[in-house]
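A.B. asks: okay, predicted coordinates and the sequence, questions at the end:
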Amino acid sequence: MTVSRRKFLQGATAGALLGPTLFNHALVRRSLANAIGNRYLVVIFLDGGNDGVNTITPIDDGGATLRQAYDAHRDTGGGGCNLPSGNLLSIGVDPISGANLGLHPSLQGLHDLHTQKSAVAFIQGCGYPDYDLSHDTSRAIWQSANRQGAPLPGGWVGRHLAGCYGPLDVPAVAVDYRLPADFGTNATSVLAINRLEYFGFPYDYYDGGDVAAKRAAFDAIHAEASGTGQAQFDYIGNSGASTLISSEAYPQLHDLYQGARPAWDAQYSALDTGLARDLREVAKMIYGVEESVPDVAARYFQCRTGGYDTHSGQGGEDPQGRHGTLHSELGDSLKVFYEDLEDMGVVDDVAVLVWSEFSRRIQQNNTGTDHGSQGPMLLIGGEVKGGIFGNHPNINAVALNGDGNTPYTQVAADPFRSTDFRDVYGSILKQWAGMTHNDVLTMMPLDSGAAADYWTVEDFDLDLFLP
Amino acid sequence: MGDENTALSTNEVRHVMRRTGFGAPPKDLDKLLKKVGYAPTRGNIAGELLSYKPKLFKPGGRESYTAHNKWVSYLQKPKSPLQEKLVLFWHDHFATQASVVGEMKIMRGQVRLLHEYAKGNFKDFVKEINRDAAMMEMLDTVRNRKAVPNENYSREVQELFTLGVEDFAGNPNYDQNDVSQVARAFTGWDYEYPKGTAYFDTDQHDFAIDFPSRGPKVLFQTHGGFGPAGRDFAVGGEGEPEIDTVTDILFDHTDTDGDNTIARRITRRLLRFFCHDDYANPGPAEIAIIDQIIADSGFATTWDLAALYRTIFVHDVFFETSGVAPYGVATKKAVKWPVDYFISTLRLTGMKLRTRDKRVLGGSYDGAFGHLTQMGQVLLEPPSVFGWNWDTDWISSSTLLARYRFARDIVAARGSGRFRPDKLIDLELTDPGQIVDAVGDSLGIPDQVTAAERQIYIAYLTDNGANPTLDLGDDDVLNTKLHGLYALIMQSPAFQLH
């Protein structure tokens, strides 16, 4: 009567044993609306507040005094966070101040994508008015992208998905146990899949020919729950149903990728970092979509990598220091991911956005840095227009707020004018994900207030992509 | 309006057990009922549960993996389920990560502290946490020196442990200057490694005379109801006393409604924990209940947590989630925490964690650590200082599969350490409806299965009526249908909630 585990699982994942779904919430289908077309968007969250000043650092003063200011705030001694200018990886010139800018030496992988592929947009000085220094609050502001307007549900990606997809679609997957708030929406299904390999539905190995009955009962129980109108029952009923159906489609992507792309698989393994492993899961899913695997249609992905809250032991340019280790994890895994996609022939259809909830204090504390305001975002992809966007934050002591952070400003003549992160989101949604200007503005309303201090004029036309 | 004399039905006692402990196994239910002479009221049940003498448990082990497993093992048969439920709440509140702390000796010390103060005086609790070695390591108090103050702890003690960022009216409770000033008060504190005893180092303390540019040692000139003068925290003497003076000031902080800020926030969080998610963002009705519970318990003056819990446990609000099926739009429920799901499932099915990696000898090779990682709650490793996200944030396709997998592992356990439904229900039963009821009873949720769900389970047992009675003496029927029914119920939405 018993079926071997392996044989059983093969049967279960292929769906052959199970027959058609009895459940009317068929949540996995190819997407109806194709706003993003055949493209993909990958969002990477650097959790904890990445030190932007030690990500993109002034090499010299240019026409201002950026390097002097940097050296005044960042110690060179033991435990200091100073990055000597000679070892920074040059990426170009700050547009207005004219200072030469360089990356932390541990961002070699990212620098390679810049020099070899011209595939990195370095978007400087990203922030928002009245910046908040709480991780939680600031993260929520970035994820919802709706601070001052009437409360809108969900996150910025979630509201976009809600406009393009229905309850029958699964357009997005977070490589995580949890669902990220920026992907939050009730209108369509977002999966959290930590590892595809283990995403199969767990039936008892003692089969007895009972699996179809078990599946039908599970289906019916969840359909029943999702019809009660009770908030948690509805939610778990819907989530359980989409989990069941997706669990029959997604796990095979692991074997498919490993079988077809063993050399690339090994490259991620060699890096041996969390982000590399997470991006490999994204690569498996993109490969699955490209190979037209049935019921796999995700186009939006999220990865999260933590450890950026470097209050102490941040390290300067030491590759083994905390920030150095994080930077090599980021740069190296992005490089392998990019080259993998390039080899698949899909790199021109992928854009990767990297963000963090805030940057860090310009003046270091004894061995680290406290919470700060604006910092850089990164956009990477085959169709991304490489180069420097926005201005380096003004880190001169006289320019800093009482709390030691660079103020947000929209004064047009200011050589250090900030970039509002909503302009970056908006440009991506408009130019990459096919939303109209007005739709973007509706889901991400402007602030009210003085034009110099708030985000009152949108610019969804940052020139981030190749024509 | 009920009060402490309100009689409880058996199902309501089950509810109390689910919310204050880890499920309502029939034996434990009977034990509790017996203690109150089979005449349960809100008051006598609450009194019984709160009568525990704190057991100062601390998980041993050199690594957080081992300590995690020891803690989880202890939860299978704790001296007081309520004490452990409270400790989980405070572990989330004072979230500290063993991986950041590094030394398990001091991490253990914090777990012991949580056990000691879980139903103690909240103001004393915060004062102890301020000096807790693991917390000093986690939030950099040990790196907070006079030359360059480190604001990490100063911010979080206000934002997370006491006041919160904003009050109920949406107004800020403190500003950056308050963060900088509180950081000054905490300069100079350190602990003896690896014992963890806190001490004060005068040489590393920020004395006002040395740092005139940092302004006077005054807090809350714009927030907290102290008026433009704020509160001087050097008034009790500069140096060592400041850490407690600052804490006393925090506990005097009032919000823009003129109510005590900490009392309101802690009560709100406890109501969210013990009741439901309406207390994540309370409206006027919820705020009225919060204020009433504070007034009834005297919490804003005594800071006595036991009195606060007791007031909650006899209040109508605590019974709002006790609803009996069927459910509708107005029904309140809350999602079980993963540790709650894991432990109550073990206790209800009579399964024990075995081997060094603490696993059910069932379907997968995952131990307690693996299961709880996948469910999204590893003890001693909250995701950050913010602790875990609750309610539906516990639920994703990934964490649901992890719960399904654990339920499967239990029913798939055969051979030594096998699943023993014969110890849970009467295997002589043949009527499918009676079998469903008995299984629901053994899982402590007879009141939580709707009539429609019951019909689905019956249809499953009978293969849609093809086999109208069951012979559970037949191994094949037992192993497919009865094991299968247990898994289905443990995987059902109702079982994820309480």
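C.D. replies: Received it, and whenever you're ready, just let me know what you need.

A.B. asks: can you pull out the strands in the stretch 351-498 of chain B?
C.D. replies: For the stretch 351-498 of chain B, applying DSSP state E, counting those that start in this stretch gives no strands.

A.B. asks: just checking: what are the partner strands of the strand or helix carrying residue A:43?
C.D. replies: Residue A:43 belongs to strand A:40-46 when assigned by DSSP states H and E. Here strand A:40-46 is paired, per DSSP bridges, with strand A:300-305 (parallel), strand A:350-356 (parallel).

A.B. asks: most tightly packed of these?
C.D. replies: strand A:350-356 (a mean of 24; mean count of other C-beta atoms under 10 Å in any protein chain shown). Yep, even glycine has a C-beta here, placed from its N, CA and C like the rest.

A.B. asks: stretch B:95-108: end-to-end distance?
C.D. replies: End-to-end distance for stretch B:95-108: 13 Å, by C-alpha to C-alpha, to the nearest Å.

A.B. asks: what of stretch B:202-212?
C.D. replies: Stretch B:202-212: ends 18 Å apart by C-alpha to C-alpha.

A.B. asks: so how far is that stretch from its chain's centroid?
C.D. replies: Relative to the centre of its chain, stretch B:202-212 is centred 39 Å away, using C-alpha atoms, centre = their mean, to the nearest Å.

A.B. asks: same question for stretch A:363-374.
C.D. replies: That offset, for stretch A:363-374, works out to 24 Å (C-alpha atoms, centre = their mean).

A.B. asks: likewise stretch B:161-171?
C.D. replies: 21 Å.

A.B. asks: hmm, back to that, list the contacts of the strand holding residue A:43.
C.D. replies: Residues from elsewhere that reach strand A:40-46 (C-beta atoms under 8 Å, 6 or more residues apart in numbering or on different chains): A:157, A:180, A:182-183, A:275, A:279, A:282, A:286, A:289, A:299-305, A:308, A:326, A:330, A:346, A:349-356, A:428, A:432-433.

A.B. asks: re earlier: can you redo the strands paired with strand A:40-46 as CSV with mean pLDDT and distance to residue B:261?
C.D. replies: Listed next are these as CSV, based on pLDDT from 0 to 100; distance: least, C-beta to C-beta, whole Å:
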stretch, mean pLDDT, distance to residue B:261
strand A:300-305, 98, 32
strand A:350-356, 98, 30
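
A.B. asks: in TSV, list these along with distance to residue B:276.
C.D. replies: Listed next are the strands paired with strand A:40-46 as TSV, based on distance: least, C-beta to C-beta, whole Å:
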stretch	distance to residue B:276
strand A:300-305	28
strand A:350-356	33
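
A.B. asks: tell me which stretches of the stretch 1-150 of chain A form strands.
C.D. replies: A:40-46, A:56-58, A:89-93, A:100-103, A:120-127.

A.B. asks: just send those strands back as JSON lines, with mean pLDDT and mean neighbour count too.
C.D. replies: Below are the strands of the stretch 1-150 of chain A laid out as JSON lines (pLDDT from 0 to 100; neighbours: other C-beta atoms under 10 Å in any protein chain shown):
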{"stretch": "strand A:40-46", "mean pLDDT": "98", "mean neighbour count": "24"}
{"stretch": "strand A:56-58", "mean pLDDT": "98", "mean neighbour count": "26"}
{"stretch": "strand A:89-93", "mean pLDDT": "98", "mean neighbour count": "17"}
{"stretch": "strand A:100-103", "mean pLDDT": "98", "mean neighbour count": "22"}
{"stretch": "strand A:120-127", "mean pLDDT": "98", "mean neighbour count": "26"}
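
A.B. asks: so which of those gets nearest residue A:398?
C.D. replies: Counting by C-beta to C-beta, residue A:398 lies closest to strand A:56-58 out of the strands of the stretch 1-150 of chain A; the figure is 16.4 Å.

A.B. asks: domains of chain B?
C.D. replies: Using automatic domain parsing, the domain parsing of chain B gives B:10-51+B:259-319, B:121-252, B:421-496.

A.B. asks: out of those, which is closest to residue A:367?
C.D. replies: Per C-beta to C-beta, nearest to residue A:367 of the domains of chain B: domain B:121-252, 6.8 Å.

A.B. asks: so does that closest one get close to chain A?
C.D. replies: Yes - using C-beta under 8 Å from any C-beta of the partner chain, domain B:121-252 reaches chain A at B:140, B:143, B:145, B:147-152, B:155, B:159, B:165, B:176-177, B:179-180.

A.B. asks: pretty sure residue A:48 contacts residue A:360?
C.D. replies: No - contact criterion C-beta atoms under 8 Å: residue A:48 and residue A:360 do not qualify, at 9.6 Å.

A.B. asks: the two: who's more crowded?
C.D. replies: residue A:360 (31 against 22; other C-beta atoms under 10 Å in any protein chain shown).

A.B. asks: just to revisit the earlier point, the domains of chain B: which one's closest to residue A:388?
C.D. replies: domain B:121-252 (30.6 Å).

A.B. asks: and the stretch 301-450 of chain B, which of its residues are near chain A?
C.D. replies: B:326-329, B:331, B:333-335, B:363-364, B:373-376, B:383-386, B:389, B:391-393, B:395-402, B:404-405, B:407-409, B:411-412, B:414, B:450.

A.B. asks: in stretch A:179-186, what counts as buried?
C.D. replies: A:179-185 (16 or more other C-beta atoms under 10 Å in any protein chain shown).

A.B. asks: distance to chain B and pLDDT added to those residues, as JSON lines?
C.D. replies: Formatted as JSON lines, the buried residues of stretch A:179-186 follow (distance: C-beta to the nearest C-beta, whole Å; pLDDT from 0 to 100):
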{"residue": "A:179", "distance to chain B": "5", "pLDDT": "86"}
{"residue": "A:180", "distance to chain B": "10", "pLDDT": "91"}
{"residue": "A:181", "distance to chain B": "9", "pLDDT": "91"}
{"residue": "A:182", "distance to chain B": "14", "pLDDT": "95"}
{"residue": "A:183", "distance to chain B": "11", "pLDDT": "95"}
{"residue": "A:184", "distance to chain B": "10", "pLDDT": "89"}
{"residue": "A:185", "distance to chain B": "13", "pLDDT": "84"}
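
A.B. asks: what packs against the worst-scoring helix or strand of chain B on mean pLDDT?
C.D. replies: One helix or strand of chain B scores below all others by mean pLDDT, DSSP states H and E: helix B:98-101, with a mean of 90. Where contact means 3 or more C-beta pairs under 8 Å, 6 or more residues apart in numbering or on different chains; DSSP states H and E, helix B:98-101 is packed against helix B:64-76, helix B:104-117, helix B:133-138.

A.B. asks: need the overlap of contacts for residue A:48 and residue A:360.
C.D. replies: residue A:310.

A.B. asks: any idea how far the nearest residue to residue A:132 once chain neighbours are set aside lies from residue B:387?
C.D. replies: Spatial nearest neighbour of residue A:132, excluding adjacent residues (C-beta to C-beta, 6 or more residues apart in numbering or on different chains): residue A:138 at 4.7 Å. Distance of residue A:138 to residue B:387, given as C-beta to C-beta, to the nearest Å: 17 Å.

A.B. asks: in terms of neighbours, single out the busier of those two.
C.D. replies: Set residue A:138 next to residue B:387 and count neighbours by other C-beta under 10 Å: residue A:138 wins out with 20 against 17.

A.B. asks: residues touching that one, list them.
C.D. replies: A:49, A:131-132, A:357-358.

A.B. asks: for residue 39, which residues are in contact?
C.D. replies: Picking chain A for this. A:299, A:349-351, A:432-433.

A.B. asks: could you do chain B instead?
C.D. replies: Taking C-beta under 8 Å, 6+ apart as the test, what residue B:39 contacts is residue B:7.

A.B. asks: backbone dihedrals for it, please?
C.D. replies: When read as degrees, to the nearest 10, the backbone of residue B:39 gives phi -130, psi 70.
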